[in-house]
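*Asks:* Got a sequence here, can you build the structure:
(chains A and B)
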There are 2 protein chains.
Amino acid sequence: MKLYQSLGPNPMVARIFIAEKGLKVPRHQIDVMQQESRGADFLAINPAGQCPALVLDDGLVISETTAICHYLEELQPDPPLFGRTPAERAETLMWSRRVTLQFTEPLTRSFYYGELAGMVGDHIRVIPEGAEGLKATAQDGLEWLESQLSGDFLAGSRFTLADIQLLAFVNFIPFLRPGEPLEGLPKLFAWRGRVVSRPAVASTMAEDQP
Amino acid sequence: MKLYQSLGPNPMVARIFIAEKGLKVPRHQIDVMQQESRGADFLAINPAGQCPALVLDDGLVISETTAICHYLEELQPDPPLFGRTPAERAETLMWSRRVTLQFTEPLTRSFYYGELAGMVGDHIRVIPEGAEGLKATAQDGLEWLESQLSGDFLAGSRFTLADIQLLAFVNFIPFLRPGEPLEGLPKLFAWRGRVVSRPAVASTMAEDQP
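*Replies:* Coordinates of the predicted model:
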């Protein structure tokens, strides 16, 4: 297998997931700042032009972070980061989707339409007039997640893919917007402390920034 | 089990998925037009205030369409709508995510911020200035999916959850915007013909509109 990765929160999710599993997957770095992810060579690997992408030994390419992690979970079930039962796995996918829908998706659009508008290239339609509203929508999402956090992690006592996704995007914010993204959100603030103290998370985050 | 469902494309995805599996799941209808999905009774079931939600026999609630379908696939693997192998299941999740990221997500926001702006209630932040750009972004997504369709279905020869998701959202568009949503997209037009001719799809679509 080979993981095509780059700067950015989604590749960070894949790398943390791999580290938590104790897997070793060779990496190939794509320079998104130089638009390498939109070049013909990479588009032949992932026509969506995004990292991460996982190339399997038989040549099949899996892109989209949740799909990559789902494959790796089936390959290496322990420790479980989706879950040990159908219900646990569904709960993880539910929380992963809630994190995406309520937070990472409007956040990412707000970056594309705002802070990154001049850098995203012509493959992304930029909607500058939507940037502020989507930024506020992502904040609404964080506040909703704060209201829902009732255990150590999003899925209660289980640390899952959903926590990794939320962490990677929360930690990416300060690179584009000054300030503490979890200000006024004490439960999430404490949650982040629990997540970043995990050895696999800490070591992966230390590899590169962001 | 009990499926809480309502008008809208995501509940339609769950119902088609259940019909394709040959499962019988009792349903409870939520009246979204009367904001029943935002009432205390339903928020106690799904704090995200959205349908579908699947209540398991032990009381656990799974919301978010992909999570519900993943649970049902594990309960009833045949016919496979995610896949028979880890790689097939990952490919399905990849296509499902591409449909969501590129198309259903900007489409849904464009409806909330546009055609449905007066009806969504105060739980959704409405960004009217973003509606047109997001509508165009959803169209960009359809055109990209058209460019990627190289077999009978999104995942090649396999009919999967990703096709059901794309179909349910494409078919929902004419209820809010006049016209043929697949005009100028001949491969997707033919794809839709293949999908709606499936007995489980046709019978589910005939139950209610939309």
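
*Asks:* Give me the contacts around stretch A:65-78.
*Replies:* Applying CB atoms under 8 Å, 6 or more residues apart in numbering or on different chains, the external contacts of stretch A:65-78 come out as A:3, A:10, A:13-14, A:17-18, A:21-23, A:52-54, A:56, A:62, A:80-82, A:84, A:93, A:96, A:161, A:165, B:86-87, B:89-94, B:97. Placement of C-beta: from N, CA and C, glycine included.

*Asks:* Could you pull up the mean pLDDT of that stretch?
*Replies:* Throughout stretch A:65-78, pLDDT has a mean value of 98.

*Asks:* ditto for stretch A:6-19
*Replies:* Taken as a whole, stretch A:6-19 has a mean pLDDT of 97.

*Asks:* what comes up buried for stretch A:66-74?
*Replies:* By neighbour count on 16 or more other CB atoms under 10 Å in any protein chain shown, the buried set for stretch A:66-74 is A:Thr66, A:Ala67, A:Ile68, A:Cys69, A:His70, A:Tyr71, A:Leu72, A:Glu73.

*Asks:* Just the ones of these in helices?
*Replies:* Secondary structure assignment (DSSP state H) places A:Thr66, A:Ala67, A:Ile68, A:Cys69, A:His70, A:Tyr71, A:Leu72, A:Glu73 from those within helices.

*Asks:* which strands and helices sit next to the lengthiest helix in chain A?
*Replies:* The residue-count maximum for a helix in chain A (DSSP H) belongs to helix A:131-148. In terms of contacts (3 or more CB pairs under 8 Å, 6 or more residues apart in numbering or on different chains; DSSP states H and E), helix A:131-148 is packed against helix A:86-99, helix A:105-113, helix A:186-196.

*Asks:* Which positions within the last one qualify as buried?
*Replies:* Read it as helix A:186-196. Applying a neighbour-count criterion of 16+ other CB under 10 Å, the buried positions in helix A:186-196 are A:Leu188, A:Trp191, A:Arg192, A:Val195.

*Asks:* wait, does stretch A:79-99 contact chain B?
*Replies:* Yes - using CB under 8 Å from any CB of the partner chain, stretch A:79-99 comes into contact with chain B via A:Pro86, A:Ala87, A:Arg89, A:Ala90, A:Glu91, A:Thr92, A:Leu93, A:Met94, A:Arg97, A:Arg98.

*Asks:* Same check on stretch A:23-32?
*Replies:* No - judged by CB under 8 Å from any CB, stretch A:23-32 makes no contact with chain B; its nearest approach is 13.9 Å.

*Asks:* Would you indicate which residues of that stretch are buried?
*Replies:* Buried, per 16+ other CB under 10 Å, within stretch A:23-32: A:Val25, A:Ile30, A:Val32.

*Asks:* can you check stretch A:126-134 too?
*Replies:* In stretch A:126-134, counting by 16+ other CB under 10 Å, buried: A:Val126, A:Ile127, A:Gly130, A:Ala131, A:Gly133, A:Leu134.

*Asks:* Show me where chain A dips below the pLDDT cut-off.
*Replies:* Filtered on pLDDT under 70, chain A yields the residue ranges A:208-210.

*Asks:* In three-state terms, label the most far-flung residue of chain A relative to its centre for me.
*Replies:* Largest separation from the mean C-alpha position in chain A: A:Asp58, at 25.8 Å (CA atoms, centre = their mean). Put simply, A:Asp58 is coil when judged by DSSP: H, G, I helix; E, B strand; the rest coil.

*Asks:* For chain A, list the residues in contact with chain B, please.
*Replies:* A:47-48, A:56, A:60, A:62-64, A:66-68, A:70-71, A:74-75, A:86-87, A:89-94, A:97-98, A:101-102, A:105, A:125, A:127, A:129-130, A:133-134, A:136-137, A:140, A:144, A:147-148.
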